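> With the input below, show me the fold.
(one chain, ligands or ions: 1)
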Amino acid sequence: MLRGEKAVVIGGGIAGKLAARVLADSFKKVIILERDSESDGPTPRKGAPQGKHIHALLFAGANGLERLFPGIMETFNTSGAVKINATKDIAWFHHGVWKLRFNGDYTTILQTRPHLEWHIEQYIKGIPNVTIKYSQTVREFLFAKEENRITGVEIADGETRKNIHADFVVDASGVSSLSSKWLMKREVHIPVEKVKIDLSYFTKTLELPDNPDRDWAIKLVYPTPPFEKIGGGISRVEGNRYLVTFMGYHNELNEKEVLKSDDSFIEIARKLPKLDLYHELKDATALSSTSTFRVPDITRKRMDKVNDMPNGLLMIGDTICRIDPFFGQGMSIAVLEALALENLLTDQNSSNQQIIEKFHEETGKIISPIWNMVITEDFRYPDTVGKKPAGLLIQQWYAKNIFLLSSENKYVYQSFIRVMHLLGPTSALMRPGIVKSVLKRTFTKDHKIH
Ligand SMILES: Cc1cc2nc3c(=O)[nH]c(=O)nc-3n(C[C@H](O)[C@H](O)[C@H](O)COP(=O)(O)OP(=O)(O)OC[C@H]3O[C@@H](n4cnc5c(N)ncnc54)[C@H](O)[C@@H]3O)c2cc1C
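This next block holds a predicted model:
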C-alpha cells in the first residue's frame with residue numbers, strides 16, 4: 001500500500017539510510033537530505049566524525065542489515081572486511097579475566113565504520129525511488145500551525161534556500177538533532193534521561209609488524225571499575241590495517257598528553273590493566289594522526305512519553321538516544337529501529353500519524369533494556385552522575401558473576417554473547433542453569449565484587 005507521494009529523511013548517516021530503505025516500500029519517492037558532500041569511497045566524513053573510531057557491528061545489527069540488504073555481509077567480506085569467529089578470534093580481557101577462546105557458532109565482521117556505511121550507501125543508490133541529495137543542510141521544518149503538523153523542510157544549498165514538502169518527515173540528523181532544538185524552542189516537553197560519564201576516545205590507524213604467532217583479529221583490554229578507568233582495543237580492519245582505540249572514563253585520559261606524538265599515544269597502552277596491547281603496539285607504524293571524540297553524557301529522549309508532539313515527524317537513531325559507545329550498540333539500535341518501522345509500515349489499518357506514534361513507543365521498548373544494561377555498568381564508577389536503575393547493586397553483582405564465569409564456562413559465555421549482541425533479552429541470563437552457576441561461584445570461590 002502506498003502511504004504517500006514523498007517522504008523526506010534528514011541526515012544520511014546509518015539511521016537515515018536505513019529509514020530510507022524501509023520507507024521506499026511505502027512511498028512513491030524518498031529523499032535523503034545529507035549535509036556532507038558525496039564521498040568517493042569508504043573514507044571518514046565530516047558529518048559523522050565518530051566514524052574514525054572502532055565501530056563494532058553486533059549480531060543483531062548484522063542480521064538486520066542482511067535482511068534489509070540481502071547479500072550485504074558477503075559484499076563486506078569480498079571487499080576486504082575481516083570475517084571472524086566471535087569466540088575464537090577475539091582475545092578479550094574483561095573484569096580481570098580473559099574470556100574463553102573456542103571455535104563457536106557465531107561469526108562477526110570487522111571493518112571500519114566508513115567501509116560499512118559506504119557499502120550501505122551503494123545499496124541505497126540501487127533503490128530506484130530513493131534519492132540522496134548531498135551538501136543539503138536542513139535548516140528548518142515547515143510547520144502548519146493550524147494542523148499542528150510538520151509538512152516538510154527548508155534546506156540551504158549554499159546561498160539558496162528551498163522548501164521541500166513531504167507527507168512524512170524523518171529526522172535522522174544524529175545526536176544534536178534539528179528536531180530537538182526545534183521542539184525545545186516550541187516548549188514541547190521531552191523527558192530526557194541523561195547520565196554523565198565523561199568518556200573520551202582516541203584512535204589511530206596502524207600497521208603492525210608481521211607476527212606468525214598472532215592468533216587474534218581483535219584484542220580488547222577493558223578496565224575493571226571503579227579503580228581502573230582506561231580501556232583499549234586493537235581491531236584488524238579492511239586493507240590489512242589495525243584500528244587502535246583507547247577510551248578513558250571520567251576524563252582519565254589527558255588529551256594534551258595523548259596528542260603529543262605517536263609514541264605518547266602508544267604509551268597509553270602501558271596504563272591498561274594488561275600490557276598485551278603495549279607489546280603488540282610498540283613496534284607498530286602509525287598510518288594516521290590521532291582522532292579524538294568526547295562523550296560527556298549519554299542521553300535518551302523519551303519520545304515514547306511526549307504528549308504534545310507535532311504530527312508528521314518521526315525521530316530515529318541517535319536523535320533519540322546516544323548510548324555509551326563503549327558497548328558498540330548505536331548502529332545496531334538504528335537497525336532494530338528500522339526493522340520496527342518496516343513492520344509498522346505494513347499495517348494497513350494505521351494512518352501515517354498512528355505509525356509515527358507507535359514507532360516512538362516501539363523505540364522505548366527497544367532502548368529500555370539496552371539503556372538499563374549500559375548504565376548498570378556505567379554506574380560502577382562513583383563519578384557517574386544520573387538516575388540510577390532500580391536494583392543496581394544486585395544487577396551489578398549478577399553481571400559481574402556472568403563476566404567472570406565467561407572465562408571458565410562455555411555455556412554462560414555463549415549466553416552472555418547472545419545478550420550482549422542483542423539477540424536475546426537479559427532475562428536469558430537468568431535461566432536456572434546459569435543462576436545455579438552464579439550461586440555456585442559465589443559460594444565456592446573467594447572473590448571480591450566491586
Ligand atoms: C566514539 C564513538 C564510537 C562508537 N562506536 C560504536 C560501535 O562500536 N558500534 C556501534 O554500533 N555504534 C557505535 N557508535 C554509535 C554510532 O556511531 C551511532 O549510534 C550511529 O552513527 C548513529 O547513527 P545516526 O544515523 O543516528 O547518526 P549519525 O551517524 O551521526 O548521522 C547523522 C547524519 O546527519 C547529517 N546531518 C546532521 N544535521 C543535518 C542537517 N541539519 N541537514 C542534513 N544532514 C544533517 C550528518 O552529516 C550525518 O551524516 C559510536 C559512537 C561514538 C561517538
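> How about the secondary structure of residue 170?
For residue 170, the assignment made with DSSP: H, G, I helix; E, B strand; the rest coil gives strand.
> Tell me what it is bridged to.
residue 9, residue 314 (DSSP bridges).
> Torsion angles phi and psi at the residue in the stretch 101-250 of the chain positioned nearest to the ligand?
The ligand sits closest to residue 174 of the stretch 101-250 of the chain, with a gap of 3.0 Å, by Cβ to the nearest ligand atom. In short, each C-beta sits where N, CA and C put it, glycine included. The phi/psi pair for residue 174 (degrees, to the nearest 10) reads phi 90, psi -170.
> Tell me how many other residues crowd it.
21 (other Cβ atoms under 10 Å).
> cool, and residue 225?
Neighbour count of residue 225, defined by other Cβ under 10 Å: 20.
> Residue 350 too?
Look at residue 350: counted by other Cβ under 10 Å, it has 15 neighbours.
> Then residue 369?
Residue 369 has 14 neighbouring residues, counting by other Cβ under 10 Å.
> do the same with the one 4 residues further on
Residue 373: 20 surrounding residues under other Cβ under 10 Å.
> who's in contact with the nearest residue to the residue of the stretch 101-250 of the chain closest to the ligand once chain neighbours are set aside?
Once flanking residues are discounted, residue 174 sits nearest to residue 318: 4.8 Å by Cβ to Cβ, 6 or more residues apart in numbering. Residues in contact with residue 318 (Cβ atoms under 8 Å, 6 or more residues apart in numbering) are 13, 15, 174-175, 177, 330, 334.
> at 7 Å instead, please
By Cβ atoms under 7 Å, 6 or more residues apart in numbering, residue 318 lies in contact with 15, 174-175, 330.
> Just the ones in helices from those, please.
15, 330 (DSSP state H).
> Return the item of the contacts of residue 318 having minimum pLDDT.
In terms of pLDDT, the weakest of the contacts of residue 318 is residue 175, which scores 94.
> Now for whichever residue of the stretch 351-450 of the chain sits closest to the ligand: which residues touch it?
Going by Cβ to the nearest ligand atom, the ligand is nearest to residue 422 of the stretch 351-450 of the chain, at 10.1 Å. With contact set as Cβ under 7 Å, 6+ apart, residue 422 has these partners: 58, 60, 329, 332, 370.
> Tabulate the residues you listed (JSON lines), appending pLDDT, neighbour count and distance to the ligand.
As requested, these are exported to JSON lines (pLDDT from 0 to 100; neighbours: other Cβ atoms under 10 Å; distance: Cβ to the nearest ligand atom, whole Å):
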{"residue": "58", "pLDDT": "97", "neighbour count": "23", "distance to the ligand": "7"}
{"residue": "60", "pLDDT": "97", "neighbour count": "20", "distance to the ligand": "10"}
{"residue": "329", "pLDDT": "97", "neighbour count": "25", "distance to the ligand": "6"}
{"residue": "332", "pLDDT": "98", "neighbour count": "26", "distance to the ligand": "5"}
{"residue": "370", "pLDDT": "97", "neighbour count": "21", "distance to the ligand": "11"}
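> Out of the residues you listed, the closest to residue 211 would be?
Distance ranking of those against residue 211, using Cβ to Cβ, places residue 58 first at 28.3 Å.
> Quick one: residues in contact with stretch 189-199.
The contact list for stretch 189-199 (Cβ under 7 Å, 6+ apart) reads 183, 247, 249-251, 295-303, 305-306, 324, 326, 375, 378, 384-387.
> For the ligand, tell me which of those residues show up nearby.
Restricting the contacts of stretch 189-199 to those touching the ligand (Cβ under 6 Å from any ligand atom) yields residue 295.
> And the contacts of stretch 189-199, which of them are buried?
Buried by 16 or more other Cβ atoms under 10 Å: 183, 247, 249-250, 295, 297-303, 306, 324, 326, 375, 378, 384-386, out of the contacts of stretch 189-199.
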